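Enquirer: Mind looking at a prediction? Sequence and model below.
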Amino acid sequence: MLGCCFFIAGLGVALATVVTIPQSSYEAARGDNITLPCKFTTTVASPKPIVTWAFVTADGEEQTVVTYYADSGPDVEAAYAGRINLRVSVPTGDVALTIMKLTLQENNKIRCKVQIPKDTSGKGYASTTLVVLVAPSPPVCRIVGTTEYFENINMTCASEEGSPAPTYKWQSYTVNNVPRPNPLKATDVNGLLSLYNISIDTSGFFVCTSQNKIRSATCNVTLAVMPPSMKLGSVGAALIAAAVIGLILAAIGIYCCCCRKRKEQSEEYTMGVAEGEDYHDKEPVENGDRQIESRGKQVEQSPPEHHDRDYDDGHSDYDERRDRYDDRRDDQRDRYDDRRDRYDDRRDDQRDRYDDRRDRYDDRRDRYDDRRDDQRDRYDDRRDDRRNDRRDRYDD
Ligand SMILES: *[C@@H]1O[C@H](CO)[C@@H](O)[C@H](O)[C@H]1NC(C)=O
Ligand SMILES: *[C@@H]1O[C@H](CO)[C@@H](O)[C@H](O)[C@H]1NC(C)=O
Ligand SMILES: *[C@@H]1O[C@H](CO)[C@@H](O)[C@H](O)[C@H]1NC(C)=O
Ligand SMILES: *[C@@H]1O[C@H](CO)[C@@H](O)[C@H](O)[C@H]1NC(C)=O
């Protein structure tokens with residue numbers, strides 16, 4: 001019997017082409033490279049093989065990836081241009097295929113076929129399954145149905161991608177986040193959790209885990225079961241939301257008003273500084289001269305006309321500032337007048353006293369006159385000094 005087997009095997013080697021792929025499946029993550037080994041044997045000496053790698057879809061259709069002709073080399077399909085490397089070694093029978101940057105499109109059965117002219121007997125191909133691994137994307141949890149007492153609801157859970165296809169499992173937690181078994185009458189069928197006759201006790205957290213051989217991901221949904229009368233709750237929520245939006249709008253409005261006011265203030269400040277400089281350059285010299293020439297005329301003389309000539313576009317802000325300046329000047333002048341009156345009074349007193357005693361001191365009159373002149377001179381000097389001082393300060 002052993003000899004019989006050897007005979008058959010020997011016959012096969014002698015008469016046919018044999019193609020083999022070591023493993024029934026190969027795995028690689030999406031984006032990675034993979035090399036699928038494939039070997040052939042033949043009885044033909046110096047064979048000129050034609051090698052074809054092709055995916056085989058579920059309905060048996062073949063999608064060629066690359067065809068190798070002994071005479072002309074590999075012929076790569078356009079869809080795989082740049083991602084394919086076929087290494088053919090006729091003496092060793094190696095025809096391994098490397099696919100780079102794997103996509104889910106390659107998550108399929110693939111066939112290695114070797115045709116050798118003048119050796120058409122035997123099974124000239126071998127197949128394997130290429131598994132492109134993709135971690136499950138975070139699943140989406142949804143509640144389907146009305147979350148009120150005595151209702152039946154479904155909870156759905158699905159990851160958009162994942163390869164191999166993820167499996168789903170629900171875990172229930174109480175409102176205090178303590179794990180609990182799913183309700184007795186619930187069914188959990190691959191991500192669809194059905195809850196029947198729900199009540200306040202059904203409320204809690206429901207966490208769905210989507211898992212495949214690479215990784216897992218979860219989603220978490222809060223179930224709050226309400227008495228049927230609580231339907232108004234949604235209306236109340238809408239009203240509260242409207243009120244909150246109103247408040248926010250009002251706050252924004254107030255904030256904008258404040259901003260504008262602050263901005264105006266800062267603009268006023270900026271312009272004030274700039275004009276103040278102009279003011280000092282031109283004003284005090286002219287005003288000082290006038291003050292000395294004719295103090296009385298100053299009040300009637302209207303500075304605004306003078307300024308309007310210099311500042312055709314003079315605006316209210318400037319006028320305000322100028323008014324303040326005029327006020328200050330008037331104040332100063334009043335104080336000056338007061339002081340001068342006091343001086344005059346004192347001088348008059350002095351003169352009266354002097355006159356009273358004049359008769360009695362006729363002989364000393366000259367001396368008195370001298371002294372009075374002295375005094376007046378000193379007074380005038382002092383007055384001029386003081387006036388000049390004040391004017392200088394003004395200029396500064
Ligand atoms: C895939 O192969 C290409 C070319 O040999 C190489 O540049 C790249 O780094 C490989 N990618 C991975 C994930 O190994
Ligand atoms: C829940 O799912 C089951 C099965 O698909 C369906 O028969 C039932 O109508 C669903 N219930 C709700 C509330 O959607
Ligand atoms: C639903 O549950 C309530 C108690 O929570 C029970 O009285 C009622 O009979 C149940 N209804 C059904 C159809 O099982
Ligand atoms: C589910 O969400 C709730 C509230 O957001 C949280 O307290 C709880 O820890 C979460 N559970 C899990 C398993 O993530």
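Expert: All right, it came through fine. Numbers count the residues shown, from 1 in each chain. Ligands and ions are numbered 1, 2, ... in the order given.
Enquirer: Ranking helices and strands of this protein by mean pLDDT, which lands last?
Expert: Taking mean pLDDT, DSSP states H and E as the measure, helix 295-300 is the helix or strand of the chain with the lowest mean score, a mean of 38.
Enquirer: how far away is the residue of the stretch 51-200 of the chain found nearest ligand 4 from F205?
Expert: As assessed by CB to the nearest ligand atom, ligand 4 sits closest to N177 within the stretch 51-200 of the chain, at 5.3 Å. Backbone N, C-alpha and C define where each C-beta goes, glycine included. Separation of N177 from F205 (CB to CB, to the nearest Å) stands at 6 Å.
Enquirer: more neighbours, those two?
Expert: F205 (18 against 8; other CB atoms under 10 Å).
Enquirer: Give me the nearest residue to the more buried one, chain neighbours excluded.
Expert: Among residues not flanking F205 along the chain, Y173 sits closest, at 4.1 Å (CB to CB, 6 or more residues apart in numbering).
Enquirer: what's the burial count for the one you found?
Expert: Y173, neighbours per other CB under 10 Å, totals 16.
Enquirer: Low-confidence regions, the stretch 201-350 of the chain specifically.
Expert: 229-246, 248-350 (pLDDT under 70).
Enquirer: Alongside ligand 3, which residues does it contribute?
Expert: Within the stretch 201-350 of the chain, no position is adjacent to ligand 3 by CB under 6 Å from any ligand atom.
Enquirer: For ligand 1, give me its nearest residue in the stretch 201-350 of the chain.
Expert: I214 (15.5 Å).
Enquirer: Repeat that for the chain.
Expert: N33 (3.6 Å).
Enquirer: so what's that residue closest to, chain neighbours aside?
Expert: M100 (4.6 Å).
Enquirer: what about the one you found, how many neighbours?
Expert: Around M100 there are 14 residues (other CB under 10 Å).
Enquirer: swap in the one 4 residues further on?
Expert: Residues near L104, counting by other CB under 10 Å, number 12.
Enquirer: Same question for R111.
Expert: Using other CB under 10 Å: R111 sits among 19 other residues.
Enquirer: In three-state terms, label the residue in the stretch 1-150 of the chain that ligand 3 sits nearest to for me.
Expert: Ligand 3 sits closest to F150 of the stretch 1-150 of the chain, with a gap of 5.3 Å, by CB to the nearest ligand atom. Classification of F150 using DSSP: H, G, I helix; E, B strand; the rest coil returns coil.
Enquirer: wait, S25 sits on L130?
Expert: Yes. Assessed by CB atoms under 8 Å, S25 is found in contact with L130 at 7.4 Å.
Enquirer: got the contact list for stretch 110-128?
Expert: 12, 15-21, 23-26, 36, 38, 40, 42-44, 47-56, 62, 65, 95, 97, 109, 129-130 (CB atoms under 8 Å, 6 or more residues apart in numbering).
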